[in-house]
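Peer 1: Give me the fold of what follows.
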Amino acid sequence: MTARDVLINTRGLIVEHGWVQGTFGSEGEGFCVLGAFRAQTHQVTWRLRVRAVQALEDATGTIDLPGWNDDTPGRTQQEVLAAFDRAIEKAG
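Peer 2: All right, here's what the predicted structure looks like:
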């Protein structure tokens with residue numbers, strides 16, 4: 001598994017279950033960015049998770065993913081998925 005795979009799988013959780021702000025989330029309510037990483041990365045190494053998170057930070061232009069996810073009024077799921085797409089492209 002690569003950091004790209006982690007990004008693809010994490011994005012897939014948001015597509016499948018939805019996206020939320022203000023909570024890590026769950027399969028029943030959707031996931032925030034970090035909640036989605038947390039939910040699917042229990043099977044990968046810490047190092048891989050860090051590389052995937054760093055790729056998403058680069059794609060969003062921030063090191064504050066919780067703030068980026070939660071604190072931007074009007075943030076949309078489409079913006080979140082587009083950030084994953086940019087990170088996946090660069091990680092590929």
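Peer 1: and Asn92, what pLDDT?
Peer 2: Residue 92: Gly, not Asn. We have a pLDDT of 69 for Gly92.
Peer 1: Which elements pack onto the helix or strand where Leu7 lies?
Peer 2: If you go by DSSP states H and E, Leu7 is part of helix 3-17. The contact analysis (3 or more C-beta pairs under 8 Å, 6 or more residues apart in numbering; DSSP states H and E) places helix 3-17 against strand 30-31, helix 33-40, helix 46-60, helix 77-91. (C-beta placed from N, C-alpha, C; glycine too.)
Peer 1: and these, which is most packed in?
Peer 2: strand 30-31 (a mean of 22; mean count of other C-beta atoms under 10 Å).
Peer 1: What about Gly25? Give its phi and psi, please.
Peer 2: Backbone torsions of Gly25, given as degrees, to the nearest 10, read phi 90, psi -170.
Peer 1: And for it, the neighbour number?
Peer 2: For Gly25, the neighbour count with other C-beta atoms under 10 Å is 23.
Peer 1: ok, it to Glu16 distance?
Peer 2: Distance of Gly25 to Glu16, given as C-beta to C-beta, to the nearest Å: 12 Å.
Peer 1: swap in Cys32?
Peer 2: Cys32 is 15 Å from Glu16, where distance means C-beta to C-beta.
Peer 1: How about the spatially most central residue of the chain: what's its closest non-neighbour residue?
Peer 2: Geometric centre of the chain, nearest residue: Val33, 3.7 Å, by C-alpha atoms, centre = their mean. Closest residue to Val33 apart from its sequence neighbours, by C-beta to C-beta, 6 or more residues apart in numbering: Asn69 at 4.5 Å.
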